[in-house]
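Peer 1: any chance you can model this:
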Amino acid sequence: GVVLDSTIIKENRFETGPQFDFASYARFRAYSNLLVSNKVEFRSFKREFEQNCGRKMLNLLLQQQQQQSMATSMNSSSSQNTNNNIEVILKKSLQDVQTLKK
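Peer 2: Below is the predicted model of the structure:
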């Protein structure tokens, strides 16, 4: 069987794949039970959840891209152009995610 103590779960320090799998399943099951017991309308919850995750992910990617862009600003112009293009794409994607909320 899978052995997990509370420290492993709290700190997300899984030593094996089965530990991670079990913890993921347990969390998913707990969240699912909360949604069912609170009679949450799943479609709107799912849409809002995905928008929030997408927004957060795109913001993280945009921050990382801006940091990389600053670090490579002294490199060749073609490298800078590529970084600028990626940044434009990330910003556009973030705007698209924002408009989905409306």
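
Peer 1: what's the burial count for Phe49?
Peer 2: Neighbours of Phe49 under the rule other Cβ atoms under 10 Å: 12. Just so you know, the C-beta spots here come from the backbone N, C-alpha and C atoms, and that holds for glycine as well.

Peer 1: quick one: it from Tyr31, how far?
Peer 2: Plainly put, Phe49 is 10 Å away from Tyr31 if you go by Cβ to Cβ, to the nearest Å.

Peer 1: the longest helix belonging to the chain - contacts with which helices or strands?
Peer 2: As assigned by DSSP state H, the longest helix anywhere in the chain is helix 42-71. Under the contact criterion of 3 or more Cβ pairs under 8 Å, 6 or more residues apart in numbering; DSSP states H and E, helix 42-71 touches helix 77-100.

Peer 1: the helix it packs on - what's its average pLDDT?
Peer 2: For helix 77-100, mean pLDDT is 70.

Peer 1: for Glu41, give me its contacts.
Peer 2: By Cβ atoms under 8 Å, 6 or more residues apart in numbering, the contact list for Glu41 is empty.

Peer 1: give me the phi and psi angles of it.
Peer 2: Main-chain dihedrals, Glu41, degrees, to the nearest 10: phi -70, psi 110.

Peer 1: okay, it and Val97: tell me how far apart.
Peer 2: 21 Å.

Peer 1: next SSE after the helix or strand bottoming out on mean pLDDT in the chain?
Peer 2: The weakest-scoring helix or strand in the chain, judged by mean pLDDT, DSSP states H and E, is helix 6-11 (a mean of 60). Going down the chain from helix 6-11, the next helix or strand is helix 17-37, by DSSP states H and E.
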